[in-house]
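Novice: no FASTA, just this:
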C-alpha cells in the first residue's frame, strides 16, 4: 500500500506543475465585435451554425411538446365509454 502511494507521488506533482501550461489566446474583443455588430441578426443567433441549430431544435421541441400537451388535455377531458 505504502509503495503504491509513493509511486503516485511523482505523477501527482507532475500534473500540478505550471511550467508546461499552454497559453490561451484572449478572443473577447473579437466576440464583442461580433455580437455588437448591427447586421439585423438577433443576438441569440449571432454565434453561427450551432446557435441556429440549437434554436431550431429548441423551437421544434417546444412546438411538439405544446401539441402533445393539448392532445393529452383533449383526451383527458373526454369521458370514457362504459361497456
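Specialist: In hand now; what should we look at? Note that the coordinates shown come from a computational prediction; the quantities given were computed from them, not determined experimentally. Numbering: from 1, shown residues only.

Novice: what's the distance between residue 29 and residue 39?
Specialist: 18 Å (CB to CB, to the nearest Å). Where you see a C-beta, it was placed from the backbone N, CA and C, and this is true even at glycine.

Novice: What of residue 76?
Specialist: Residue 76 sits 47 Å away from residue 39, taking CB to CB as the criterion.

Novice: now the strands for the protein?
Specialist: Counting by DSSP state E, the chain has no strands to list.

Novice: Return the per-residue confidence for the spatially most central residue of the chain.
Specialist: A centroid search over the chain (CA atoms, centre = their mean) returns residue 54, at 8.7 Å, as the residue closest to the centre. Reading off the per-residue confidence, residue 54 sits at a pLDDT of 96.

Novice: List the buried residues for the longest helix along the chain?
Specialist: Secondary structure assigned by DSSP state H gives helix 49-77 as the longest helix of the chain. Using 16 or more other CB atoms under 10 Å as the test for burial, helix 49-77 gives no buried residues.

Novice: helices or strands next to that helix in the packing?
Specialist: In terms of contact count using 3 or more CB pairs under 8 Å, 6 or more residues apart in numbering; DSSP states H and E, helix 49-77 is assigned no packing partners among helices or strands.

Novice: Check the offset of it from the chain's centre.
Specialist: 18 Å (CA atoms, centre = their mean, to the nearest Å).

Novice: ditto for stretch 28-40
Specialist: 21 Å.

Novice: quick one: average confidence on that stretch?
Specialist: The model assigns stretch 28-40 a mean pLDDT of 91.

Novice: repeat for stretch 58-66
Specialist: Along stretch 58-66, the predicted confidence averages to a pLDDT of 98.

Novice: same question, stretch 73-83
Specialist: Computed over stretch 73-83, the mean pLDDT rounds to 89.

Novice: What's the end-to-end length of it?
Specialist: With CA to CA, to the nearest Å as the measure, stretch 73-83 spans 23 Å from end to end.

Novice: Give me the contacts around that stretch.
Specialist: Counting by CB atoms under 8 Å, 6 or more residues apart in numbering, stretch 73-83 makes contact with no residue outside itself.

Novice: Next, work out how far apart residue 73 and residue 80 are.
Specialist: In this view, residue 73 and residue 80 are 15 Å apart by CB to CB.
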